[in-house]
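A.B. asks: A structural model of the following input is requested.
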Amino acid sequence: MSSTYLTSEDLDMIDRLVAEVRESQPVRNIARETAAARFLVQDFEENQTPEPELRRKLAAYLDEQDALDAALVRWDEGDEPGRSPRSEAQRHIDDDTDGRRRRAIETKNRNQLI
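C.D. replies: Numbers count the residues shown, from 1 in each chain. Reported below is the predicted structural model:
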């Protein structure tokens, strides 16, 4: 971590950028705002980045985080990114190739006649 201290003008700039993130969301997302603020402080301390460049970097960072969050949601739901859902189990039920279900139904019908 750098020994550079943030001035009140620097903090005002970071606050403006975080406010832009807050206003861009329909529902307030505290975790996203916190991640944005941490990113801004760290980048500014390390690089003394001017506001327009910092705004561009923040947009790229948030896009990356949103893509990561969406991928994690898909993964939690059972979809691996880049793959269509597996349907072997459904096909096995529909396509009774070994005849087990057919024989069970025939046996059941025979037993009902007796």
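
A.B. asks: gap between the most centrally placed residue in the chain and residue 75?
C.D. replies: Nearest to the geometric centre of the chain sits residue 69, at 1.7 Å (CA atoms, centre = their mean). With the distance defined as CB to CB, to the nearest Å, residue 69 ends up 11 Å from residue 75. (Each C-beta comes from the backbone N, C-alpha and C, glycine too.)

A.B. asks: worst-scoring helix or strand of the chain, pLDDT-wise?
C.D. replies: Here the helix or strand of the chain ranked lowest by mean pLDDT, DSSP states H and E is helix 88-94, holding a mean of 54.

A.B. asks: how about the helices in this protein?
C.D. replies: 8-23, 30-47, 51-76, 88-94, 100-113 (DSSP state H).

A.B. asks: and those helices, which one is worst for confidence?
C.D. replies: Ranked by mean pLDDT, these bottom out at helix 88-94, with a mean of 54.

A.B. asks: From start to finish, how long is stretch 45-55 in a straight line?
C.D. replies: 15 Å (CA to CA, to the nearest Å).

A.B. asks: Would you mind listing the buried residues in it?
C.D. replies: Of all the residues in stretch 45-55, those buried under the rule 16 or more other CB atoms under 10 Å are 45, 49, 54.

A.B. asks: right, and residue 18 touches residue 41 too?
C.D. replies: No. Contact criterion CB atoms under 8 Å: residue 18 and residue 41 do not qualify, at 10.0 Å.

A.B. asks: of those two, who's got more company?
C.D. replies: Neighbour count, other CB atoms under 10 Å: between residue 18 and residue 41, residue 18 has more, with 19 against 15.
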